[in-house]
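**Q** okay, predicted coordinates and the sequence, questions at the end:
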2 protein chains.
Amino acid sequence: RAEAGMEEEDVLFGLIGKIRAHPGQRDALLTVLGGSSQDIPGCLAYILGEDAADPDIIWVTEVWASREAHHASLSLPAVQAAISVGRRLIASFDLNAEMRPVAGIPGR
Amino acid sequence: RAEAGMEEEDVLFGLIGKIRAHPGQRDALLTVLGGSSQDIPGCLAYILGEDAADPDIIWVTEVWASREAHHASLSLPAVQAAISVGRRLIASFDLNAEMRPVAGIPGR
C-alpha cells in the first residue's frame, strides 16, 4: 500500500453509519447527533445527512485523528448525554463500517 | 422538518458510495479518485476511505453545494478522465445512496 510506511498513529479512523430512527423521529435524532459533534478533540469530520429516499434513515460519516480519539470521545459528558437521549430515538443501526480515511480530509 | 422552509437551492446534495475495486486495484483506484476531487466548483467534501475489513472496498462521502453542481462536475475534463481510468479498476458499486447533508458540513 502506498501508505505502508505510515506509523499506527498516522492512520486516521473513520466510520460510515446508516442509522434508522423510529418513524417520525429523524429530525429529533439529527438534532441530538448534530449537537454533540462540534469541537470534540480529534474529530476531523462528523457529517450528517438525511437519506433522500427513506424518511427514517440518517447517514453519518465520521473522521477521527485516531481510533483512540474516537474512543475517548465516547466518555465525554456531552456525548454520553447524546447517546442516552439518542438511543431512545434509534430503531436500528443498519450499517456501521469502519474505514481508514485516506483523502479529502477536511482541513488537510 | 426543521428545514421545511429551506428553498431548493439551499438544500445540499450528498452521496455515500461503497465501491468495490478489482482485487489488488484499490490503491490505484484511490489515487485516481483522490486526484480528481480537489478544487472542483461546488464540491464541499469528497472523503475517501479504505474499508478496514475488506481489502477491495472504498468508501466515499461526497457533499455538494447542489445537485446541479454535482451534475456539472461530471462533464469536467479531469473528472471525465478519472471516470474513464477508474472504470477499468472498479468491479462494482455495492452502494450509492443519495442523501441531504444537514450538519457537520466542512467549512460551514
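**A** Perfect, I can see it now.
**Q** select the helix or strand of chain A having the lowest average pLDDT value.
**A** helix A:26-36 (a mean of 91; mean pLDDT, DSSP states H and E).
**Q** any residues touching that helix, and which ones?
**A** Around helix A:26-36, the neighbours that count as contacts under C-beta atoms under 8 Å, 6 or more residues apart in numbering or on different chains are A:19, A:21, A:48, A:50, A:55-58, A:60, A:78-79, A:81-82, A:85-86, A:89-90, B:1-2, B:102-104. Just so you know, the C-beta spots here come from the backbone N, C-alpha and C atoms, and that holds for glycine as well.
**Q** center of chain A - which residue?
**A** In chain A, the residue lying closest to the centroid (C-alpha atoms, centre = their mean) is A:Glu62, at 3.9 Å.
**Q** one step back: can I have the buried ones of the contacts of helix A:26-36 as a ChimeraX selection?
**A** The ChimeraX command for the buried members of the contacts of helix A:26-36 (criterion: 16 or more other C-beta atoms under 10 Å in any protein chain shown) is given here:
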select /A:19,21,48,50,56,57,58,60,79,82,85,86,89,90 /B:102,103,104
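**Q** among the contacts of helix A:26-36, which ones are in strands?
**A** Of those, the ones assigned to strands by DSSP state E are A:Ile19, A:Ala21, A:Leu48, A:Glu50, A:Ile57, A:Ile58, A:Val60, A:Ile90, B:Val102, B:Ala103.
**Q** up against chain B, what does chain A have?
**A** A:1-2, A:14, A:16, A:18, A:27, A:30-31, A:33-34, A:37, A:45-53, A:59, A:61, A:63, A:97-107 (C-beta under 8 Å from any C-beta of the partner chain).
**Q** ok, back up a step: would you put the C-alpha positions of the helix or strand harbouring the residue nearest to the centre of chain A in CSV?
**A** Using DSSP states H and E, A:Glu62 sits in strand A:57-64. Once non-C-alpha atoms are left out, strand A:57-64 reads as follows in CSV (Å, rounded to 0.1, in the frame of the first residue of the first chain):
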residue,chain,number,x,y,z
ILE,A,57,-32.6,6.9,7.7
ILE,A,58,-29.6,9.1,8.7
TRP,A,59,-26.2,8.7,7.2
VAL,A,60,-23.1,9.7,9.3
THR,A,61,-19.6,10.0,8.1
GLU,A,62,-17.0,10.3,10.9
VAL,A,63,-13.3,11.1,10.6
TRP,A,64,-11.1,11.0,13.7
